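Peer 1: Next come a sequence and a model predicted from it.
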Amino acid sequence: MKGLLIKDLYLVKGYGTSIILISALFIAIGIMNGSYAFLMLTALYSAMISINTMSYDERGHWDTYADSLPVSRTQVVLSKYILSFIAMLIVWILYLAGQTIADVCSGTGVSAHMLSMSLILWSSWGFMVALLYPVLFRFGMEKGRVLYMLAIMVISGVSGIFLSIKDELDVSITVSDITPYTGIAVCVIVLSAVIVTISVLLSIHFYGKRDL
Amino acid sequence: MEAIKVSNLSKRYKKSSRPSLDNVSLDLPQGCVLGLVGENGAGKTTLIKAITGSVKFDSGSIEVLGHDIDAASQNKTDDRFRQDIGTVLAEDSFPEIMTAGMIGNVMKSIYINWDSACYNRYLEKFGLDSKKKYKEYSRGMKMKLSIAVAMSHNAKLLLLDEATSGLDPVVRDQLLDEFNEFTRDENHSILISSHITSDLEKICDYIAFIHEGRIVMCDTKDAILDKYGILHCTDDVLAELEDGAVAGSKSSDYGAEALVVRSKVPDTFDISPVSLDDIIVYIARGIDNSKEVGR
Amino acid sequence: MRLFIDNRSGVPIYDQIYTQIKSQIISGELEEDAPLPSIRNLAKDLRISVITTKRAYEELERSGFIYTVAGKGCFVADKNIDAVRESVMAEIEKHLEEALKLAGECGLTKEQLKIMIDTLQNV
């Protein structure tokens, strides 16, 4: 497992530097503008980072080679989820840090939308990962690519709609209002966790059966 | 003891008209080199991939280094036994931007017995630049890199799929030397597939000939080479030989050349020694001919 | 020990090894109780099959030229002159039989055959 992650980090380092830079830029823009669209994109990038490595794996026939190594296909699947999770975690920490600094500088104090934004980031990452990964593990990158593109478009569209509503909602949220949202927040977190777990199990099942 | 024991293995890919593996059984005794010969598409790669776990077979079982894998449990097998196996696949094996150095670092975390010093020695011996990207390597260098990885973790078994194909004779000879040295240890075994039969003739103890997914012939190399010979004569003479004496033949206006079973041909005939290559060609031809006759 | 393997001669490789080791034992080049390389190492050194060298050693042992000590390997056997003579004589007999057969085919008499042998010896 560790070896698989090291290999993926090399790939991210080799191919993904632009994604990392863009993500950092988007986080900065997102915080400064208060624009959710940019922040959402960074969550989507985090989900995509593993998909990119999967595509390079497949192109280099690493997936077939990995079968001959003392690592199981379950570990291969898990490593992809973990890599993406780590990417999202970094994005989230950067966002929290950036937002805190921004809030302190502007003197508004720590705002409540950090919580709602965190929820949006994590749940959109969760849904993206949960929907796409099993499909890609089932059909492979080549066949899965069309579905993958389609999914990105749908998710972007949905989040676009979601965002336009959100901008209006946001005004009403203040620190004192946070309590009623805790229930929703917990629900969203639990729901995301459940679908990601189901997704992991499905991916393991699909990938385990495939001929490579 | 057998390093690999394949029993009644069958595999048919979806959308395929015939099975890629049809009731294949095969033994590789420990300490030996088994060569898998056959034309492209005969099932060599499918068989090796079934052993590495890439191809999920429909029925039968495989025992590798004492570890059983059967059709029902193949998705849940514990892959730790693969610590003792080194594999070289015919196609590329690594993402193209990785360097030999990176690959070494990855393998260090994958193989318990990874020997970095040994790996670096191989890189040096094979003239591989550890900072060069995989995509910049020639096919020969890619193969050498795979072999370096396969031989740097104290493996007991090497699975080599077309590891010498597409390489020049000098490199091939160098690699065959490595494989030869590997089996100096009596616990070490090799399964190697190739359509370059001359390479297999050099290093194998056993030869298995696979044709259209079936094992047509499997025996010690010596027995196979002793069994057959080439006979030059006329078609009439061929027709008079006893049943089963002719394994395959080729005739022209000027006479016939046949692969014959020495024991079934009278001593008075002048039979010349035969290469493995000829044996394969004639037997494949014989099978295809008899099929056409049957139709 | 010297061994030359000719892959193209048509003579089975085990036979080439057998013949060469045997003649070196008979000639005294290989001394009594001298250790022979292990089956595996010999095979790997010559780049031939382990099964081939095993067969050559088995034939040498059967003919009494070498003996095996379990766990230690193979050694040159006591050179039993009679045994060696016997095996060589058996071979000569075989060749002479062949010669007689050929002589019969073209009507040569035993006397003429003897003259041939004498002539050959004088060459």
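Peer 2: Yep, it's here.

Peer 1: Distance from the biggest helix by length in chain B to the middle of the chain?
Peer 2: Ranked by residue count, the top helix of chain B under DSSP state H comes out as helix B:276-294. Mean C-alpha position of helix B:276-294 versus that of the full chain (CA atoms, centre = their mean, to the nearest Å) differs by 19 Å.

Peer 1: and it, what other elements does it pack with?
Peer 2: Packed against helix B:276-294 by the contact rule (3 or more CB pairs under 8 Å, 6 or more residues apart in numbering or on different chains; DSSP states H and E) you find helix B:197-203, strand B:206-211, strand B:214-220, helix B:221-227, strand B:246-252, strand B:255-261. In this view, the C-beta of every residue, glycine as well, is placed from N, C-alpha and C.

Peer 1: Give the buried residues for it.
Peer 2: Going by neighbour count (16 or more other CB atoms under 10 Å in any protein chain shown), the buried part of helix B:276-294 is B:L276, B:D278, B:I279, B:I280, B:V281, B:Y282, B:I283, B:A284, B:G286.

Peer 1: will you turn those residues into CSV that also has pLDDT?
Peer 2: Output for these, formatted as CSV (pLDDT from 0 to 100):
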residue, pLDDT
B:L276, 89
B:D278, 89
B:I279, 90
B:I280, 88
B:V281, 88
B:Y282, 88
B:I283, 87
B:A284, 85
B:G286, 80
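
Peer 1: Of the residues you listed, which is the nearest to A:C187?
Peer 2: Closest approach between the buried residues of helix B:276-294 and A:C187, by CB to CB: B:A284, at 66.3 Å.

Peer 1: how about the closest one, what does it touch?
Peer 2: B:A284 sits next to B:E39, B:H211, B:V216, B:G248 when contact means CB atoms under 8 Å, 6 or more residues apart in numbering or on different chains.

Peer 1: in the stretch 1-150 of chain B, which spans are strands?
Peer 2: Here the stretch 1-150 of chain B has its strands, by DSSP state E, counting those that start in this stretch, at B:2-11, B:21-29, B:33-37, B:59-64, B:67-70, B:85-88.

Peer 1: contacts for the last one?
Peer 2: Outside of strand B:85-88, the residues that reach it under the criterion CB under 8 Å, 6+ apart are A:65, A:68-69, B:52, B:64-65, B:143, B:146-147, B:149-151, B:153, B:155-161, B:163.

Peer 1: Let's have the strands of the stretch 1-150 of chain B in JSON lines, adding mean neighbour count and mean pLDDT.
Peer 2: Converted to JSON lines, the strands of the stretch 1-150 of chain B look like this (neighbours: other CB atoms under 10 Å in any protein chain shown; pLDDT from 0 to 100):
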{"stretch": "strand B:2-11", "mean neighbour count": "20", "mean pLDDT": "93"}
{"stretch": "strand B:21-29", "mean neighbour count": "19", "mean pLDDT": "93"}
{"stretch": "strand B:33-37", "mean neighbour count": "26", "mean pLDDT": "94"}
{"stretch": "strand B:59-64", "mean neighbour count": "19", "mean pLDDT": "93"}
{"stretch": "strand B:67-70", "mean neighbour count": "16", "mean pLDDT": "90"}
{"stretch": "strand B:85-88", "mean neighbour count": "26", "mean pLDDT": "95"}
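
Peer 1: A:N52 is nearest to which of these?
Peer 2: For A:N52, the closest of those is strand B:85-88, at 25.6 Å, according to CB to CB.

Peer 1: Distance from the chain centre to that closest one, please.
Peer 2: With CA atoms, centre = their mean, you get 13 Å for strand B:85-88.

Peer 1: Can you tell me the element the residue nearest to the spatial centre of chain C falls in?
Peer 2: In chain C, the centroid-proximal residue (CA atoms, centre = their mean) is C:T19; its distance is 3.2 Å. For C:T19, the element it lies in under DSSP states H and E is helix C:13-26.

Peer 1: Let me know whether that helix sits next to chain B.
Peer 2: Yes: contact of helix C:13-26 with chain B (CB under 8 Å from any CB of the partner chain) involves C:I13, C:Y14.

Peer 1: ok, C:E61 touching C:G73?
Peer 2: No: at 11.8 Å, C:E61 and C:G73 do not qualify as touching, with contact defined as CB atoms under 8 Å.

Peer 1: low-scoring pLDDT stretches of chain A, where are they?
Peer 2: A:34-35, A:108-112, A:155, A:158-182 (pLDDT under 70).

Peer 1: which stretches of chain C form helices?
Peer 2: Counting by DSSP H, one finds helices in chain C at the ranges C:13-26, C:39-46, C:50-62, C:81-105, C:110-122.

Peer 1: Which residue is the nearest non-sequential neighbour of B:G255?
Peer 2: B:T234 (5.6 Å; CB to CB, 6 or more residues apart in numbering or on different chains).

Peer 1: For chain C, which residue gets nearest to chain B?
Peer 2: C:G10 (4.1 Å; CB to the nearest CB).

Peer 1: Report the contact partners of whatever residue of the stretch 151-295 of chain B ends up closest to chain A.
Peer 2: Taking CB to the nearest CB, chain A has its nearest neighbour within the stretch 151-295 of chain B at B:L159, 6.9 Å off. Going by CB under 8 Å, 6+ apart, B:L159 touches A:S68, B:I48, B:I51, B:T52, B:I85, B:G86, B:T87, B:V88, B:L191.

Peer 1: Quick check: beta-bridge partners of B:D70?
Peer 2: Taking DSSP bridges, one obtains B:S61 as the residues bridged to B:D70.

Peer 1: looking at it, it is touching B:D58, isn't it?
Peer 2: No: here B:D70 does not reach B:D58: they are 11.2 Å apart, not a contact under CB under 8 Å.

Peer 1: Just the pLDDT for C:T68.
Peer 2: At C:T68, the model reports a pLDDT of 90.

Peer 1: thinking A:L147 is in contact with A:F137, fair?
Peer 2: No: with contact defined as CB under 8 Å, A:L147 does not count as touching A:F137 (11.8 Å).

Peer 1: No more questions from me, cheers.
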